[in-house]
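*Asks:* Sequence first, predicted coordinates after that:
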Amino acid sequence: MSAAAALDAARAAGLRIATAESCTGGMVAAALTAIPGSSDVVECGFVTYSNDAKIRMLGVSSETLKAHGAVSEEVAREMARGACARSGARVAVSITGIAGPGGSEHKPEGRVCFGIIRPDGAVQCETREFGAIGRDAVRAGATEHALALLLRVVRS
């Protein structure tokens, strides 16, 4: 499982992890903390579903939200940075997307943006198009992808 592997790799590297989640509603943090002993690696998880919560809890800029919308790599980047800055963790993953139902022509159902901040402070962002596969499947896919990103970063 990706969560156990990510925890093991972070533990070996002496890293603490934070999560910043929107459309997954804490599923990444839940997957990590479901594993016994995770408290020595997991610092905290932020569930920032609303734009106001993203601003208040993570320091996402209202200008960024206005210019790009909540479902954007720009917001994912600021979410990841904010999670590290506010938690003291050295690695953070962020997730923001449209799990469905719904979406628009410009931001379709199943679009999820991820941010991952590395121990050196560099932030990588990417967007995955899961498609209109249903809310539960998009959230599960986004959770697995976020765990894989964590694993890749803590192993590097």
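*Replies:* The structure has been received and is ready for your questions.

*Asks:* make it CA atoms for all contacts and neighbour counts henceforth
*Replies:* Noted.

*Asks:* list the contacts for the residue most central in space within the chain?
*Replies:* The centre of the chain sits closest to residue 94, judged by C-alpha atoms, centre = their mean, with a distance of 2.1 Å. With contact set as C-alpha atoms under 8 Å, 6 or more residues apart in numbering, residue 94 has these partners: 19, 20, 21, 76, 77, 79, 80, 114, 115, 116, 146.

*Asks:* Between the residues you listed, which sits nearest residue 127?
*Replies:* Nearest to residue 127 out of the contacts of residue 94 is residue 114 (C-alpha to C-alpha; 6.2 Å).

*Asks:* Tell me who's in contact with the closest one.
*Replies:* So residue 114 contacts 73, 76, 77, 93, 94, 95, 96, 125, 126, 127, 146 (C-alpha under 8 Å, 6+ apart).

*Asks:* any idea how far residue 68 is from the residue located most distally from the centre of the chain?
*Replies:* For the chain, the residue at maximal distance from the C-alpha centroid (C-alpha atoms, centre = their mean) is residue 105, at 23.8 Å. Between residue 105 and residue 68 the distance is 15 Å, computed by C-alpha to C-alpha, to the nearest Å.

*Asks:* follow-up on the earlier one: measure the residue nearest to the centre of the chain to residue 36 for me?
*Replies:* Here the criterion is C-alpha to C-alpha. By it, residue 94 lies 23 Å from residue 36.

*Asks:* could you pull out the helices for the protein?
*Replies:* Secondary structure of the chain (DSSP state H): helices at 2-13, 27-33, 51-58, 62-68, 73-87, 135-155.

*Asks:* roughly how far out does stretch 13-26 sit from the chain middle?
*Replies:* 6 Å (C-alpha atoms, centre = their mean, to the nearest Å).
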